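Student: quick one, fold the following:
(one chain, ligands or ions: 2)
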Amino acid sequence: MGEITLQAPDGKTASVPAGSSAAEALRKLVSNKVRKQTVAVLYNDRAIDLSAPLEEDGTLAPITLSSEEGQEILRHSTAHAMAQAVKELYGDGVKVAIGPAIEDGFYYDFDRKTPFTPEDFEAIENKMAEIASRRQPVERLEMDRQEAIDFFRDKGEPYKVELLEDMENDTVSLYRQGDFIDLCRGPHIPDTSWLKVFKLLRVAGSYWRGDESRQMLTRLYGTAFADKKGLKKYLHQLEEARKRDHRKLGKELALFSISEDIGPGLILWQPRGATLRRCIEDYWKDEHWRHGYELLYTPHIARQDLWKTSGHLDFYGENMYSPMEIDEVKYQLKPMNCPFHIGVYNSSPHSYREFPIRWCELGTVYRYERTGALHGLMRVRGFTQDDAHIFCRPDQLEEEIFNIIDLNLHILKTFGFDEYDVYLSTRPDKYVGSDEHWQLSTEALKQAMEKKGLEYEIDPGEGVFYGPKIDIKIKDQLGRSWQCSTIQVDFNLPERFNVTYTGQDGEKHQPIMIHRALMGSLERFIGVLIEHYAGAFPLWMAPEQARILNITDDQADYGRQVYQKLRQAGVRVEKDLRNEKLNYKIREAQMMKVPYMLIIGDREKESGTVTVRKKSGENLPPMTVKEFADMVHDECQAAVERRQ
Ligand SMILES: [Zn+2]
Ligand SMILES: [Zn+2]
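Tutor: Numbers count the residues shown, from 1 in each chain. Ligands and ions are numbered 1, 2, ... in the order given. I've put the predicted structure just below:
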């Protein structure tokens, strides 16, 4: 038997007999300490089990628990152990479906007459701990696909049979630990003793293969970590996220509601939420105006023919709502604003001298989302995009992209987001437009980001078919990422709608069109803001900036005067002049996260002042009503003007 040579990531090489296991080879390549943390290996860039035999020369890198891949293998293995525990506890009354690792954990879908409840968690966790203590080896088996189908049919596991029937490969891999055998690609942990820190988290319904016409299954969610510290930190973060849940805060702070009578996924903005939204919109419009944009308003419906020309019916049809007929012509609700902005463009001839043209709109669009996918403000059926379209000449593209990025980051910063991940998606396999155009614009996107000093990752082939794009994901207070801004170059729509301008040469040319959304959807962005600030919005966007609280009824009239004056001065003020104890009223104002409380007693009434109490409890010296209004204005002005 021959020898093979393997190389570790640090360059170290070792020879072992061909057919040695990855674990044996690792012994010659990495320290004991690293091996203790190693769950699997990357062999010639392919993840395989530690027990897998190595037959040829190549690179060998340990996958340790501290890496993302290692954590994923641990979590996926924990999903197997959970399914094993469920089968041992509940026997043939439960059928197993699928159980992948997901971000932060794993799940497994089961078919059981009585769905699981959180009361079942303890028994399942205890059984999993018992399985871990058995130190059962996790073995990989390869099987002929038909053989595997027969095997799972014998076992009475119809979901596995269906999965296998849909596969195309001749051989499939299974993993066995004790009596439990699952269909799986692997890799997995070497034995069950690796499962030390895990927890079941929640249960939810889920349709088999996400298809609402198929069987409803119960999905058990859980997570696993290499150590207790990791789990503790994660549970703390979950708790923090639960407290900040925008659906919970949206109700408590009376920002928005969703009503079955109106329809799922359709947002009703309550007065406080509407005020918050107005502050955001006003700032957005003002800032765009200052940066050379003009505002458009366009209709909510258009003739079906428009959506044929734009290609939306062909490529986006399943997200659009059915047509309605007006004067025997079919109309459809808009899923996007782009064709309308082109309509504005095409309503008059244009010359090269006018470029760049920058048009923006807070455009409300409607898209079909499955009921199961709807989620508070984050996933809805009607939402307002903060949309913009830029028409420019090829030689202006780089500068325009730079300007867009600059404005985007500036606005995101004002909203309190300083950290982001930036991605550049390049040409996919199927595309329209010439290679030359793709190259030119991809280069322009790169140059603009580099000029701005932005670090970015490239997503090769992930661009839309009509052009390359930049995506910006913001990080919130809890470190969670949210996709918000997107900047897309489009070679398709100008072609479809015959968008042209007269060049310096007197000939017709096609301009470059850029689509850009900054917040993405106002609904979703406000959902993110609610969670980012835990409902305690900065003064400039707080729906209620100040609340007037009187000490006794004697100051009620004065309270009303102060209220009138502040409203006149443009301060978003409310009043609580009820005959209640001051402390009680303060507590309520604090619960509503009002930045300033204006307390008025006899002294304030006589001197025509207010005592300003901050949300934190700190008192400011008494000031006149005008002084307070000026202070609020100055503070807001400073917040929205901090340009880097
Ligand atoms: Zn698996
Ligand atoms: Zn667009």
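Student: give me the buried positions along the helix or strand hosting Gly205.
Tutor: Element membership for Gly205, per DSSP states H and E: strand 197-207. Residues Val197, Phe198, Lys199, Leu200, Leu201, Val203, Ser206, Tyr207 are the ones in strand 197-207 that count as buried (16 or more other CB atoms under 10 Å). (Each C-beta comes from the backbone N, C-alpha and C, glycine too.)
Student: tilt between whatever helix or strand comes next after that strand and strand 197-207?
Tutor: Going down the chain from strand 197-207, the next helix or strand is strand 216-225, by DSSP H and E. Note on geometry: by axes from the mean of the first three to the mean of the last three CA atoms, to 10 degrees, strand 216-225 and strand 197-207 are set 160 degrees apart in direction.
Student: contacts for strand 216-225, please.
Tutor: 71, 74-75, 77-79, 82, 86, 97, 104-112, 115-116, 124, 195, 197-208, 231, 234 (CB atoms under 8 Å, 6 or more residues apart in numbering).
Student: quick check, the least confident helix or strand in the chain by mean pLDDT touching ligand 2?
Tutor: Within the chain, no helix or strand scores below helix 312-316, which has a mean of 88 by mean pLDDT, DSSP states H and E. No. If you take CB under 5 Å from the ion as the test, helix 312-316 misses ligand 2, and the best it gets is 10.8 Å.
Student: from the chain's centroid, how far away is whichever helix or strand comes after that helix?
Tutor: The element immediately downstream of helix 312-316 (helix or strand, assigned by DSSP H and E) is strand 324-326. Per CA atoms, centre = their mean, to the nearest Å, the displacement of strand 324-326 from the mean C-alpha position of its chain is 36 Å.
Student: I'd like the next helix or strand past strand 324-326.
Tutor: Note on strand 324-326: by DSSP H and E, the next helix or strand toward the C-terminus is strand 329-333.
Student: before we move on, back to that, same for the strand holding Gly205, what does it pack against?
Tutor: The elements that strand 197-207 packs onto, with contact taken as 3 or more CB pairs under 8 Å, 6 or more residues apart in numbering; DSSP states H and E, are helix 68-90, helix 121-133, strand 216-225, helix 228-244.
Student: kindly calculate the angle that the longest one makes with helix 121-133.
Tutor: When you say that, I think you mean helix 68-90. Interaxial angle of helix 68-90 relative to helix 121-133 (the same axes, to 10 degrees): 110 degrees.
Student: also the shortest one?
Tutor: Angle, strand 216-225 to helix 121-133, by the same axes, to 10 degrees: 50 degrees.
Student: alpha carbons only: can I get strand 216-225 in CSV?
Tutor: These are the backbone C-alpha positions of strand 216-225, laid out as CSV (Å, rounded to 0.1, in the frame of the first residue of the first chain):
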residue,chain,number,x,y,z
MET,A,216,-48.5,20.2,8.9
LEU,A,217,-45.5,19.1,11.0
THR,A,218,-44.1,20.3,14.3
ARG,A,219,-40.8,21.9,14.3
LEU,A,220,-38.6,21.7,17.4
TYR,A,221,-35.9,24.4,17.5
GLY,A,222,-32.8,24.1,19.6
THR,A,223,-29.3,25.2,19.9
ALA,A,224,-25.9,23.8,20.9
PHE,A,225,-22.6,25.4,21.9
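Student: look up how far Tyr331 lies from Arg496.
Tutor: For Arg496, the distance to Tyr331 (CB to CB, to the nearest Å) stands at 19 Å.
Student: the more surrounded of the two?
Tutor: Tyr331 (19 against 16; other CB atoms under 10 Å).
Student: go ahead and flag the most central residue of the protein.
Tutor: By CA atoms, centre = their mean, the chain has its centre lying nearest to Trp482, at 3.9 Å.
Student: I'd guessed that residue sits against Val528; true?
Tutor: Yes. Here Trp482 lies in contact with Val528, judged by CB atoms under 8 Å, at a distance of 5.0 Å.
Student: give the residues shared as contacts by the two.
Tutor: Ile474, Asp476.
Student: can you give me the neighbour number for Arg185?
Tutor: 11.
Student: from ligand 2, how far out is the closest residue to it other than its chain neighbours?
Tutor: In space, and not counting its chain neighbours, Arg185 is closest to Ser173: 6.1 Å by CB to CB, 6 or more residues apart in numbering. Distance, Ser173 to ligand 2, by CB to the ion, to the nearest Å: 45 Å.
Student: name the strands paired with the strand or helix carrying Ser173 and say parallel or antiparallel.
Tutor: Per DSSP H and E, Ser173 falls inside strand 171-177. Using DSSP bridges, strand 171-177 pairs in its sheet with strand 139-144 (antiparallel), strand 180-183 (antiparallel).
Student: what lies in contact with the last one?
Tutor: In other words, strand 180-183. By CB under 8 Å, 6+ apart, the surrounding residues in contact with strand 180-183 are 80, 83-84, 87-88, 96, 99, 141, 148, 151-152, 155, 160, 163-164, 172-175.
Student: just to check, Lys605 is in contact with Ala556?
Tutor: No. Contact criterion CB under 8 Å: Lys605 and Ala556 do not qualify, at 10.0 Å.
Student: the more surrounded of those two?
Tutor: Higher neighbour count among Lys605 and Ala556: Lys605, with 20 against 16, using other CB under 10 Å.
Student: who are the contact partners of the nearest residue to the more buried one once chain neighbours are set aside?
Tutor: What sits nearest to Lys605 in space, not counting adjacent residues and going by CB to CB, 6+ apart, is Tyr558, at 4.4 Å. Shown in contact with Tyr558 (CB under 8 Å, 6+ apart): Asn550, Ile600, Glu604, Lys605.
Student: where do the helices sit along the stretch 451-600 of the chain?
Tutor: 493-496, 522-532, 556-568, 582-591 (DSSP state H, counting those that start in this stretch).
Student: closest to ligand 2 out of these?
Tutor: With CB to the ion as the criterion, ligand 2 lies closest to helix 493-496 of the helices of the stretch 451-600 of the chain, at 7.6 Å.
Student: Ala40 looks like it's in a strand, true?
Tutor: Yes. According to DSSP: H, G, I helix; E, B strand; the rest coil, Ala40 belongs to a strand.
Student: how about it, nearest residue that isn't a chain neighbour?
Tutor: Pro187 (4.1 Å).
Student: secondary structure class for the one you found?
Tutor: Strictly by three-state DSSP, Pro187 counts as coil.
Student: how many neighbouring residues does it have?
Tutor: Pro187: 28 neighbours (other CB under 10 Å).
Student: mind listing what it touches?
Tutor: So Pro187 contacts Val39, Ala40, Ala47, Ile48, Asp49, Leu50, Ala52, Ile73, Arg140 (CB under 8 Å, 6+ apart).
Student: of those residues, which is the most crowded?
Tutor: Highest neighbour count within the contacts of Pro187, by other CB under 10 Å: Ala40, with 27 neighbours.
Student: so who does the one residue in the stretch 501-644 of the chain that gets nearest to ligand 2 touch?
Tutor: With CB to the ion, the shortest gap between the stretch 501-644 of the chain and ligand 2 falls at His515, namely 3.3 Å. Neighbouring residues of His515 by CB under 8 Å, 6+ apart: Cys338, Asp387, Ala388, His389, Thr486, Ile487, Gln488, Asp490.
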